[in-house]
Structures are given as C-alpha cells and as structure tokens.
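Enquirer: My questions concern the predicted model and sequence given below.
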Amino acid sequence: MTIVARTRTSQRTEPREEPRVHTRLLVVDDHAAVRAGLCQLLDDERDFEVVADVAEAEAAMSVAEREPIDVAVVDYQLGSRNGLWLSRELKRLPRPPAVLIYSAYADGVLAAAAVVAEADGVVNKGKLGAELLEAIRAVARGHSRRRPLPQWLAEAVRRQLGREEQAIFGMLLAGIERDQIAETLNVSAAGLESTLWAMLRKLEAPHAQARIDHASPAQAAE
C-alpha cells in the first residue's frame with residue numbers, strides 16, 4: 001500500500017498586514033544623476049511609489065495624462081519648458097496632482113512665481129532629504145508647503161505687475177481658487193488664463209528677476 005504524506009499546515013493564523021496606501025510620484029529632472037539619486041531616496045520609503053521619472057516637461061505631461069499621479073516633484077530648470085510651465089499644465093488636468101518645485105533656487109523670484117504657477121510648495125535642493133520627504137507627505141494630504149512671502153518680497157513682485165495682475169497675485173497668495181478669482185474680477189476663465197501666463201513671463205524676465213532677487217526690505221518699502 002502506498003501512503004501519500006500530506007503537507008502539514010499550521011493551525012496558527014498569521015496576522016494580515018493592512019493594505020498600504022502608496023503615494024504615487026512623478027519625478028522630473030533633466031540631470032540623470034540627480035534624478036537617479038532622487039528616485040533612490042524616494043524608493044526607500046515604503047509609502048512611496050515612483051510611477052515614472054523623466055527629463056522633460058512634455059514627457060512628464062504625457063505620463064500624467066495617462067497615469068494617476070498624487071505628487072509631481074519637479075526641477076525648475078528643464079530645458080525648453082521649465083518647472084513653472086509644467087506646474088501650470090499639471091494643475092489643469094482633470095485630476096491634478098500636487099506639485100513640488102525642487103530647485104537650488106528656492107527663494108526670491110522663484111518662490112513668488114511658484115504662487116502664480118499654483119505649485120503647492122518649493123523645496124531647496126540644498127536641504128536634507130528628510131525635508132523633501134516631509135513636504136511630499138504634506139502636499140499629498142492636501143496641505144500647502146508654500147512659505148509665506150516676506151512683505152518686502154511681495155511688494156517687490158507687485159511692482160512688476162499691472163493693477164489687475166496685482167489683485168490676482170494677492171488672491172493667489174490668499175489661496176483663492178481660479179474660478180473664484182475670475183468671478184470676483186468679472187473676467188472669463190480664458191481671460192484669467194491669459195493674464196496668468198503674462199504674469200509668469202513678467203516674473204521670469206531677467207530684468208524682473210534681478211530687481212526682485214536683489215531687492216532689500218528697505219528698497220521695497222521706498
């Protein structure tokens with residue numbers, strides 16, 4: 001008689017680990033080494049999933065249009081299209097991700113322009129990785145990581161803008177949504193979009209950057 005031994009199973013039930021919710025990330029940086037290092041940092045976090053890493057803004061839009069993204073970590077300088085352009089385009093998707101501008105130039109005009117681009121925060125590349133990880137988790141939960149602009153800097157920015165643009169900038173600083181801004185100013189959505197692009201171009205112009213970045217609190221108050 002042939003005896004077939006059964007595989008013995010344990011009667012002890014192991015506790016099941018709760019499903020882990022991953023924050024889906026898109027990394028955009030045109031320096032391959034920086035991008036690889038950033039992806040490594042993020043991959044080491046159990047609650048993060050890097051969906052894609054790309055070098056160009058257009059490639060990032062292609063990913064975001066077909067994949068659900070929770071947070072886009074975007075370098076400012078990306079070649080023909082910069083991170084501010086990408087932030088504005090991402091924010092116009094049906095399901096817009098949170099956007100963090102990750103740059104070595106995190107102060108001055110970039111911090112102000114990020115408000116117009118509707119980025120959720122700006123993180124300095126010179127800071128520890130822990131600050132970036134904290135910022136990603138914060139914006140993924142719907143919190144802003146935009147630091148308040150100093151009064152002198154906000155005034156320096158306003159000096160570069162027209163009257164209606166100044167009003168828009170103030171409302172963006174206050175966290176007012178685009179549709180509410182358009183209704184308040186009695187302008188069309190298309191008209192507001194055109195004005196926002198014009199504001200970005202003004203703030204990114206070399207002469208404007210020089211004036212804003214080198215303005216002192218005393219100069220701004222004059």
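Expert: Looks like it came in fine. Numbers count the residues shown, from 1 in each chain.

Enquirer: What ranges does this structure have for its helices?
Expert: Counting by DSSP state H, the chain has helices at residues 32-43, 57-66, 83-90, 109-116, 129-140, 151-158, 163-173, 178-185, 189-204, 206-213, 217-221.

Enquirer: I'd like those helices laid out as JSON lines, including mean pLDDT.
Expert: Output for the helices of the chain, formatted as JSON lines (pLDDT from 0 to 100):
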{"stretch": "helix 32-43", "mean pLDDT": "93"}
{"stretch": "helix 57-66", "mean pLDDT": "96"}
{"stretch": "helix 83-90", "mean pLDDT": "94"}
{"stretch": "helix 109-116", "mean pLDDT": "86"}
{"stretch": "helix 129-140", "mean pLDDT": "93"}
{"stretch": "helix 151-158", "mean pLDDT": "84"}
{"stretch": "helix 163-173", "mean pLDDT": "93"}
{"stretch": "helix 178-185", "mean pLDDT": "94"}
{"stretch": "helix 189-204", "mean pLDDT": "91"}
{"stretch": "helix 206-213", "mean pLDDT": "57"}
{"stretch": "helix 217-221", "mean pLDDT": "47"}
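
Enquirer: With Y76 as the reference, measure out to the closest residue in space to W85 that isn't next to it in sequence.
Expert: Once flanking residues are discounted, W85 sits nearest to A57: 6.0 Å by Cβ to Cβ, 6 or more residues apart in numbering. The way it works is simple: take the backbone N, C-alpha and C, and place the C-beta from them, glycine included. Going from A57 to Y76 by Cβ to Cβ, to the nearest Å gives 11 Å.

Enquirer: any common contacting residues for the two?
Expert: 82-83 (Cβ atoms under 8 Å, 6 or more residues apart in numbering).

Enquirer: List of residues touching stretch 24-42?
Expert: 48-57, 59-60, 63-64, 67-75, 77-79, 83, 86, 97, 102, 125, 129, 132-133, 136.

Enquirer: what do you get if the cut-off is 6 Å, keeping everything else the same?
Expert: 48-55, 60, 63, 69-75, 78-79, 129 (Cβ atoms under 6 Å, 6 or more residues apart in numbering).

Enquirer: Would you map out the domains in the protein?
Expert: 23-140, 151-221 (automatic domain parsing).

Enquirer: Would you reformat those domains as CSV and include mean neighbour count?
Expert: Formatted as CSV, these follow (neighbours: other Cβ atoms under 10 Å):
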stretch, mean neighbour count
domain 23-140, 19
domain 151-221, 15
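
Enquirer: That concludes my questions; thank you for your assistance.
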